[in-house]
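**Student:** Make a model of this:
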Amino acid sequence: QVQLVESGGDLVQPGGSLRLSCAASGLILENYAIGWFRQVPGKEREGIFSYIDSDGKLGYSAFVKGRFTISRDNAKNAVYLQMNSLKSQDTAVYYCAAAKLAEELVAGLYDYWGQGTQVTVSS
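**Tutor:** Here you go, the predicted model:
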């Protein structure tokens, strides 16, 4: 059974940083496309950053603008999203997802999803 578990969401002040983790079981993450997405109520799930393939090819959305980075630890079967210079607009539920093939950061291409972790940016 495939399971993705996100953690690391929290309440943080504007300008602060958070590191989200995504731990996987039931699949080997390095063999999948892995994406980070976020969603706010009433809006579609938005792609942030992804590993497109096992060679480390990346996909990301323009709003990342150097504030966010993705990394992975194959030994731990985990992927991370480092978020810096957080803004109130970054408040959302953050999800990691896995797909056998996803060359674009589009939610509909992903097969497996975690339950999400809440990130709130507020003073």
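**Student:** And the most centrally placed residue in the chain, what's its pLDDT?
**Tutor:** Residue closest to the mean C-alpha point of the chain, counted by Cα atoms, centre = their mean, is residue 36 at 2.1 Å. For residue 36, the pLDDT comes out at 96.
**Student:** Over to the one 3 residues further on?
**Tutor:** At residue 39 the predicted local confidence, pLDDT, stands at 97.
**Student:** Excluding chain neighbours, give the residue nearest to it in space.
**Tutor:** residue 45 (4.4 Å; Cβ to Cβ, 6 or more residues apart in numbering). Every C-beta, even on glycine, is put in place using the N, C-alpha and C of the backbone.
**Student:** swap in residue 116?
**Tutor:** Nearest to residue 116 is residue 93, by Cβ to Cβ, 6+ apart, at 4.2 Å.
**Student:** I'd assumed that neighbour was in a strand, is it?
**Tutor:** Yes. Remark: residue 93 belongs to a strand, assigned using DSSP: H, G, I helix; E, B strand; the rest coil.
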